[in-house]
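> just to be clear, the model below is a prediction. Sequence and coordinates:
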Amino acid sequence: MAHYDLSIIGSGSGNSLITPFWDDKRVVLADKGSGGMGAFGGTCLNVGCIPTKMFVRPAALARGPEEAARLNVTQETTDVDWPAMRDRIFSRIDSISTGGRRYREGLDHVDLVAEKVTLTGDFSQAPFAFVAESGVRAEADRMVIAAGSRPVLPQVPGIDLPGVHTSDTVMRIEERPEKILIIGGGYIACEFAGVFSAFGTEVLQINRSRGLMNALDADIASAFSAEAEQNWTVRYERTVTSITEQGQGLRVELVTSDGRVEDHDVDLVLVAIGRTPNTDLVGAAEVGLDVHSDGRLAVDEYQRVLMQGDPVEGLYALGDISSPAMLKHVANQEARVVAHNLEHPDTIRPSRHEAIPAAVFSFPEIAQVGLTEAQAEEAVGAENLTTKIQNYGDTAYGWAMEDSHGIFKVIADRRSGQILGAHVLGHQASNLIQPVIQAMSFGQDAYTAARGQYWIHPALMEVTENALLGLEVPIPEDAPL
Ligand SMILES: Cc1cc2nc3c(=O)[nH]c(=O)nc-3n(C[C@H](O)[C@H](O)[C@H](O)COP(=O)(O)OP(=O)(O)OC[C@H]3O[C@@H](n4cnc5c(N)ncnc54)[C@H](O)[C@@H]3O)c2cc1C
Ligand SMILES: NC(=O)c1ccc[n+]([C@@H]2O[C@H](COP(=O)([O-])OP(=O)(O)OC[C@H]3O[C@@H](n4cnc5c(N)ncnc54)[C@H](O)[C@@H]3O)[C@@H](O)[C@H]2O)c1
């Protein structure tokens, strides 16, 4: 069996661990490949954040005429050239993925194993071994499990029909569908509903529960659901029971929560009902590693993998396989921590999981950081909270946009001015929220964050400033004016 200094499973965020520190050491990197193409480089690059957002931008342009009409400009979207758009997006992505793989293959000190691998042997101490499907075995003094997550599929008849897609395959389809049924009410379902509806596809989105994006702050979830219901067809409290071929398309049978059965004929079905960590694919439980009830590999704050509650020296995990937040910026931060801890075993550092922001690039866009109002009530008591909802439409740039739906909600502890959370729905939400993420990360109180800096007038960012200024928080005596 080949012996290495470092073994990494997963070429997504795991790929960034191969720093110059390892130049004079031996590294093995295993990856079975992402999506239908078996691509190198993980989810974000090949089938996740990056290609989805490359579709979100043209979708925003396709919606241009709606906004233009509000502002007395007549525009028309005359064509959306799906094949050309798809090829432009993936020619860029595929060349980065291929280039990344070739670069790794060209390094003398790195061996690539382009196969599914499974953990094997004793994992209570180094060396840690894996075995590939071909039988290739490798062991290493240190190992990082960065094997990510995969889409969950409902176990219904017809789920394996060619017209049924997940985010892994839907972005590479030949033609834009005329009619699509999207199952799920979370991030992926809402982002694709926003994209396909903008391109003129008839979208029917179904969710098992009532409302969309239900994990978010209740004000944002209900405002988003109301907007989505205006922009495409949304049906709640429905579950898929079967999918069958019908002519060139698919017939989807649904059952409602009160037992009624519905049939819908569509060209394509997109399943987006959550993602599960790949702990089972690597066989983590089989070698005795701790796995949470939701399937995540258990790690401590230093990203060390746990076995019977104790960290295993030299064995780390990061990203979707172990993280409470399946987000690329979180996986990247954890990868920086693991890289440091591998290189400096005597001064290991913890991961930072406070003030984790997220955005949903749907229509409208959503961004959030910190606690929802319900969580904040639970944490400090409703009587200690102050909340402000700032309408975009009540700021100068909001007037310029004739905006009628944008809201910026911020929640703070009224005793200290500590910001507890922010929740934004509307144009550029993912950018407008950043000053609040910064204030929370650096421990700035709401008033200082608002008044301690200039805000360019009359930029849209005044929404953020006004939200912070609307909180009832103490104003320090020497506060900036
Ligand atoms: C459609 C979509 C859109 C998204 N958009 C965003 C976004 O806008 N912003 C954001 O922050 N996050 C987004 N995410 C989430 C983000 O992509 C993930 O959180 C992130 O990519 C996880 O990185 P990772 O390194 O943990 O795993 P991955 O990048 O998935 O890497 C894991 C790798 O391990 C390989 N692997 C798994 N099991 C084995 C095995 N047994 N043997 C060998 N190889 C194996 C896989 O093939 C994969 O290449 C999105 C996700 C999806 C699906
Ligand atoms: N912009 C981003 O940051 C971004 C984008 C995409 C994905 N992601 C990450 O990927 C994760 C997975 O995304 P996702 O959208 O698949 O999951 P999700 O957890 O966000 O949403 C799953 C949705 O499916 C619904 N659902 C579950 N089972 C169902 C069933 N049987 N029938 C109908 N509906 C059902 C749930 O009610 C929920 O609305 C996200 O949680 C997020 O961490 C992030």
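The structure has been received and is ready for your questions. None of these values were measured; they are calculated from a predicted model. Residues are numbered from 1 along each chain as shown. Ligands and ions are numbered 1, 2, ... in the order given.
> where does the protein come near ligand 1, residue by residue?
Within the chain, the positions near ligand 1 by Cβ under 6 Å from any ligand atom are 9-14, 30-34, 42-44, 48-49, 52-53, 116-117, 146-148, 167, 188, 278, 281-282, 319-321, 326-329, 331. From N, CA and C alone the C-beta is placed, and that goes for glycine too.
> tell me which of those fall in helices.
Those of those mapping onto helices are 42-44, 49, 52-53, 188, 281-282, 328-329, 331, per DSSP state H.
> only the buried subset of these, as a ChimeraX command please.
Here is the ChimeraX selection string for the buried members of these, based on 16 or more other Cβ atoms under 10 Å:
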select :42,43,44,52,53,188,281,282,328,331
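> okay, now residue 202: neighbour count?
Neighbourhood size, residue 202 [other Cβ atoms under 10 Å]: 15.
> what sits against the residue nearest to residue 157 when sequence neighbours are not counted?
Residue nearest to residue 157 in three dimensions, not counting chain neighbours: residue 242, with 4.5 Å by Cβ to Cβ, 6 or more residues apart in numbering. Neighbouring residues of residue 242 by Cβ atoms under 8 Å, 6 or more residues apart in numbering: 156-158, 252-253.
> surely residue 242 is in a strand?
Yes: under DSSP: H, G, I helix; E, B strand; the rest coil, residue 242 sits within a strand.
> what bridges to it?
Counting by DSSP bridges, residue 242 is bridged to residue 253.
> and it, how close does it get to ligand 2?
For residue 242, the distance to ligand 2 (Cβ to the nearest ligand atom, to the nearest Å) stands at 13 Å.
> could you check the pLDDT of that residue?
For residue 242, the pLDDT comes out at 98.
> which parts of stretch 448-464 are buried?
Per 16+ other Cβ under 10 Å, stretch 448-464 contains these buried residues: 448-451, 455, 460-464.
> that one: end-to-end distance?
13 Å (Cα to Cα, to the nearest Å).
> what average pLDDT does it get?
Rounded mean pLDDT across stretch 448-464 is 97.
> how far does that stretch sit from the chain's center?
Offset of stretch 448-464 from its chain centre (Cα atoms, centre = their mean, to the nearest Å): 28 Å.
> who touches it?
Contact with stretch 448-464 is made by 390, 392, 395-398, 400-401, 406, 408, 417, 419, 427-428, 432-433, 435-436, 438-439, 444, 465, 468-469, 476, 479-481, as judged by Cβ under 8 Å, 6+ apart.
> does the closest residue to residue 361 other than its chain neighbours belong to a helix, a strand or coil?
Using Cβ to Cβ, 6+ apart and skipping the chain neighbours, the partner closest in space to residue 361 is residue 56 (4.6 Å). Secondary structure, three-state DSSP: residue 56 is helix.
> how many other residues sit next to residue 56?
Counted with other Cβ under 10 Å, residue 56 comes out at 18.
> residues in contact with it?
Contacts here follow Cβ under 8 Å, 6+ apart; on that basis residue 56 touches 191, 194-195, 361.
> and if you look at residue 408?
Residue 408 sits next to 389-390, 392, 422-424, 426, 432-433, 463-464, 466-467 when contact means Cβ under 8 Å, 6+ apart.
> at 10 Å what do you get?
Residue 408 sits next to 367, 388-392, 395, 422-426, 429, 432-433, 436, 463-468, 470 when contact means Cβ atoms under 10 Å, 6 or more residues apart in numbering.
> which ones among those come in contact with ligand 2?
Okay, of the contacts of residue 408, nothing touches ligand 2 (Cβ under 6 Å from any ligand atom).
> buried subset of those residues?
Neighbour-count burial (16+ other Cβ under 10 Å) applied to these gives 367, 388, 390-392, 395, 422-426, 429, 432-433, 436, 463-468, 470.
> mind checking which of those residues land in strands?
Among the buried ones among the contacts of residue 408, the ones falling in strands (DSSP state E) are 367, 388, 390-391, 422-425.
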